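*Asks:* Sequence plus the predicted model coming up.
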Amino acid sequence: MIHRYKREAAEELHDAVAHYEVERPGLGGEFLDEIDTGIAAIKEAPTRWPVVEQEVRHYRLHRFPYHIIYQIKYDAIVIVSVAHLHRKPGYWRDRLS
């Protein structure tokens, strides 16, 4: 199964990595590693993670306060948002297709 990011989700990921790199050099890479671990877990069993709404699921990162918000579309995982837990809930809903 492949995965792809919606443009806004890719921008969120980039911004989060940059933020963590400023906080401490190397921390952005550690954040990316945890994102990669999460995506691998999602690909292994895409329906394992809780439904938020309308077939949208989320995977909670362990070390960082983020969710990977995703949909299963045919043979792909579509990452809708890399959402910080303390942002306005559901701000990503307008990205759903």
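*Replies:* Received, thanks. Residues are numbered from 1 along each chain as shown.

*Asks:* So what touches the helix or strand of the chain at the bottom of the mean pLDDT ranking?
*Replies:* Least confident element among the helices and strands of the chain, by mean pLDDT, DSSP states H and E: strand 51-53 (a mean of 92). Counting by Cβ atoms under 8 Å, 6 or more residues apart in numbering, strand 51-53 makes contact with Arg57, His58, Ile69, Arg93, all of which sit outside it. C-betas here are computed from N, CA, C, even on glycine.

*Asks:* Can you name the residues that contact Arg63?
*Replies:* Neighbouring residues of Arg63 by Cβ under 8 Å, 6+ apart: Glu30, Glu34.

*Asks:* Which residue would you name as the spatial centre of the chain?
*Replies:* Residue closest to the average C-alpha location in the chain (Cα atoms, centre = their mean): Ile68, at 2.3 Å.

*Asks:* Go through the helix or strand harbouring that one and flag the buried ones.
*Replies:* Assessed by DSSP states H and E, Ile68 sits inside strand 66-73. Residues Tyr66, His67, Ile68, Ile69, Tyr70, Gln71 are the ones in strand 66-73 that count as buried (16 or more other Cβ atoms under 10 Å).

*Asks:* Report the beta-bridge partners for the fifth one.
*Replies:* With DSSP bridges applied, the residues forming beta bridges to Tyr70 are Arg57, Ile79.

*Asks:* pretty sure it is touching Ile79, no?
*Replies:* Yes. Between Tyr70 and Ile79 there is a contact at 5.0 Å, judged by Cβ atoms under 8 Å.
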